[in-house]
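Participant: Sequence and predicted model, in that order:
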Amino acid sequence: MAQFDNSALLDHTKVPEKAALEGLEDRWGARWREEDLYHFNTETSREAVYSIDTPPPTVSGSLHVGHVFSYTHTDVIARYQRMRGKNVFYPMGWDDNGLPTERRVQNYYGVRCDPSLPYDPDFVPPHDGGDGKSIKYADQQPISRRNFIELCWKLTQEDEKQFEQLWRYLGLSVDWKQNYQTIGAKAQKVAQAAFLKNLERGEAYQSQAPGLWDVTFQTAVAQAELEARDYPGDYHALAFHRSDGGDDVVIETTRPELLPACCALIAHPDDQRYQALFGTTVRTPIFDVEVPVVSHPLAEMDKGAGIAMCCTFGDVTDVQWWRDLNLPLRNVLRKDGRLIAEIPEWITSEQGRSMYEQMAGKTTFSARKVLVEALQASGEMIGEKQPTMRKTNFFEKGDKPLEIVMSRQWYIRNGGTPHVEANGKELRENLVNRGNELAFHPDFMRVRYENWVNGLNTDWLVSRQRFFGVPLPVWYKITEAGDVDYDAVLTPNIDQLPVDPSSDCPPGYTEDQRGVPGGFQGEVDILDTWATSSLTPQIAGGWLTDDELFKNVYPMDVRPQGQDIIRTWLFSTMVRAHLEFGEIPWKHAAISGWILDPDHKKMSKSKGNVVTPMALLEKHGSDAVRYWAASARLGTDAAFDEQQMKIGRRLAMKVLNASKFAMQTAGEGAPMNMDIAAVTEPLDRSMLAALAHVVEQATDALENYDHTRALELTETLFWTFCDDYLELVKERAYDRDGTLAAQEDGKQKVQSARTTLDIVIDTFVRLLAPVLPYATEEVWSWYRTGSVHRAHWPVASDLDAGGDPALLHAASAALIALRKVKTEQKVAQRSEYVYATLTVPQADVQATQAVAQDLAATSHISGTFTVIAGDVSAPVVTDYELKPACPRKK
């Protein structure tokens, strides 16, 4: 038989007079911090390490309960792996660059960035702590880029302190020395170096091309950041005039203001209505610009009139038509969402130029109003506009529909252009194959990755026209004529990183050559936040900064994350790892579901339906909230449910009280005994056998990232232990008057019960430690030195006392039957049976007889207790007599 290690046992237990959950977070949190309990030992090997690519939360205000949900899932696995003997690398990053931070700074301080303004070292923001929602954009004070970035740094550092405080209170077993900021120097070096390596290998490139643009944030937007939303609009039927004098061609559009950018009418090549028109030309209404009528398979025959105008650019279909059909470029939209001020050269008629003058410089809404009125007056708009609701692309953080404008941007190849180039097709296939190498938990999340990769239609846009982020590490030569030559890219040496091209000089140049003929110009754009976040395994793992650490933690063991960012964070990280290292960045991906509000909608800050977690943690206790989170499986959406938290609190409290009860059976201060050889009674051995089975199953579940299954198994047996086993053995374990110990083998029976209680409590404390870290640590301190969170995970073979778990089940069923009689007779459970006969299924007779003495003692049977076989499916008391009623307490 296996022997438990008694080395950490106290020579006397220290059970408090009253067990309580209140205050455990502060007391044990401080102790863990003082002892640096969760530190990662850098003197290690890769085989000994379990490394986690922790999601860096966005530092832009406050965490919500959805964060608590998913981060608890990660922490359960981290604590389990640590107890399994792994050296757990569990860092924490802060995603503090990009638009969310900029927007929060604008609202918090009432400012906005104007890069043209000089730095003011004495600047004091007009607000400090306001929500900024009452301050219109025009009323926000413009400040220099440097002043704005200083405020970004200040606010994110304050937010990070609050985030860390909450994470510690929740009980995350993070090594807080292993931390980083996505805007920090280490992250900047990694992000810039990776980009330069992409550039060197031809994987990064720049292009002047049409792209999605947010007019509010004044930045380009990548495909992965799109969000399709319903948006109201109106169909306008416009008459185009045939050049041969035939009947007008009527098209329907929701964007009449783009009529001056029209470069063709397009119909499906199989549409019989327009066969005679293909190859001819028509003239646009009012502007009188001649455009061709051509065919393309993307035209929808069953939509409207089946023929559409192609403008540069109204939507992404326009872009494809423009490219495929080699149509002329006719830009009329500026990056601020207004029409260009100059009359386009292709509009030559007097009427058309006069019309455009009225639209010039206006927003798309105002320009549309002016043009529609003119079209109605000229009779070239047929009938009234028809309201419609259409799906429109928005930036996921934006409030206005995206436009498509021409701009120079930087891209990284991601397999999104298989229709354009052969290496794009090969890269896509390679990335799909990489996904097959990764173990997704749950596995059905794999298809989301595959669908995203196969559905890409552009490379990854990584440049952003913002301020608080990692600078793109390039400069451009300026010709002797004073023109910026964007094809003549200058790059820094790796050992110079990080650099800011707006203030640093390229190798071989001096500051006085900035912006002059023959000199250089620094890139002003920054990298997309995902271009940095896609490198979290490399940043946290010490790539380019700590070679030994990187060797021991990379590729990492697991990436925990939400399902909604498979297309962004998971995919982009796979791209960077494939391009740089030719391998996947982790072995496993643990994908959490969403938290749903009472209306079954996803909780998110943008929807305004979030619940902030600190009040919940203080109300129910961290263990209770963790229990609620751990009760939901990976990949499964869960309802926000305080009732489940109450159940978790009840479980945590029961761990304290059941442990206290078990430890006091041998007398106050008596040491725990873990010698399994002392377990001799069939019921006790059965309890250990049942527990061994749960240990085996729970271990298997956690190895497969099913923390919920492990919790279900453990919790179910724990309540069986409390409700049945404890009741069955408490008389034997206490033996208050020593009567049982005085009998033959009586002392052995008493010790068997007490030792079993000690072993079971010790095992349950370990099994529940990953989910209930505070309650289990509290109990551990009553009888052991050290911490349960550095203890060994239980092993099933250590519980092998030769027992049969069926015996415990039979005993529980028998106890239920004996209790039922008293309940139906409306007497207290402490009432005595004069005698009782219990009829059980034939298969359970032997097991029930083996525990008859404990059943009689627990059920207060003072006389004969007989167990017989009968034709029953469950135990039934078939004959009995109760002593005069002992009334139940009301």
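Facilitator: On my side now, so go ahead. Residues are numbered from 1 along each chain as shown.

Participant: give me the low-pLDDT residue ranges for the stretch 401-550 of the chain?
Facilitator: 419-420, 422 (pLDDT under 70).

Participant: just so I have it, where are all the strands in it?
Facilitator: 403-412, 439-441, 460-461, 463-464, 475-478, 484-490, 520-522, 526-527 (DSSP state E, counting those that start in this stretch).

Participant: And those: which comes nearest residue 128?
Facilitator: Between residue 128 and the strands of the stretch 401-550 of the chain, the tightest spacing by Cβ to Cβ is seen for strand 526-527, at 25.8 Å. Heads up, the C-betas are built off the backbone N, CA and C, glycines and all.

Participant: same for that closest one, what does it pack against?
Facilitator: helix 185-200, strand 463-464 (3 or more Cβ pairs under 8 Å, 6 or more residues apart in numbering; DSSP states H and E).

Participant: what's the most buried one of the ones you listed?
Facilitator: strand 463-464 (a mean of 26; mean count of other Cβ atoms under 10 Å).

Participant: in whatever helix or strand residue 712 lives in, what's buried?
Facilitator: Assigned by DSSP states H and E, residue 712 belongs to helix 707-720. Burial within helix 707-720, assessed by neighbour count using 16 or more other Cβ atoms under 10 Å, is assigned to 707, 708, 709, 710, 711, 712, 713, 714, 715, 717, 718, 720.

Participant: Would you mind giving the residues you listed as CSV with pLDDT and distance to residue 759 added?
Facilitator: CSV is the format used below for the buried residues of helix 707-720 (pLDDT from 0 to 100; distance: Cβ to Cβ, whole Å):
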residue, pLDDT, distance to residue 759
707, 97, 24
708, 97, 26
709, 98, 23
710, 98, 20
711, 98, 21
712, 98, 22
713, 98, 18
714, 98, 15
715, 98, 19
717, 97, 14
718, 98, 14
720, 96, 16
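
Participant: how about those residues in TSV, adding distance to residue 574?
Facilitator: Output for the buried residues of helix 707-720, formatted as TSV (distance: Cβ to Cβ, whole Å):
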residue	distance to residue 574
707	24
708	27
709	28
710	29
711	31
712	32
713	34
714	35
715	36
717	40
718	40
720	44
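
Participant: Tell me the helix or strand right after the longest helix seen in the chain.
Facilitator: Longest helix of the chain, by residue count under DSSP state H: helix 145-170. Where DSSP H and E defines the elements, the next helix or strand beyond helix 145-170 is strand 179-181.

Participant: Show me what that following strand is in contact with.
Facilitator: 56, 91, 92, 93, 94, 96, 156, 160, 186, 187, 539, 540 (Cβ atoms under 8 Å, 6 or more residues apart in numbering).

Participant: how about a cut-off of 6 Å?
Facilitator: 92, 93, 94, 96, 186, 187, 539 (Cβ atoms under 6 Å, 6 or more residues apart in numbering).

Participant: now, among those, which is nearest to residue 286?
Facilitator: Nearest to residue 286 among the contacts of strand 179-181, with distances taken as Cβ to Cβ, is residue 96, at 50.3 Å.

Participant: Which of the residues in the top strand by length along the chain are classified as buried?
Facilitator: Ranked by number of residues, the top strand in the chain under DSSP state E is strand 226-242. In terms of neighbour count (16+ other Cβ under 10 Å), strand 226-242 has its buried residues at 226, 233, 235, 236, 237, 238, 239, 240, 241.

Participant: so the third one makes contact with residue 252?
Facilitator: Yes: the criterion here is Cβ atoms under 6 Å, and residue 235 meets it with residue 252 at 4.8 Å.

Participant: do you know how far the closest residue to residue 418 other than its chain neighbours is from residue 580?
Facilitator: Distance criterion Cβ to Cβ, 6 or more residues apart in numbering; nearest residue to residue 418, sequence neighbours excluded, is residue 425 at 3.7 Å. For residue 425, the distance to residue 580 equals 21 Å [Cβ to Cβ, to the nearest Å].
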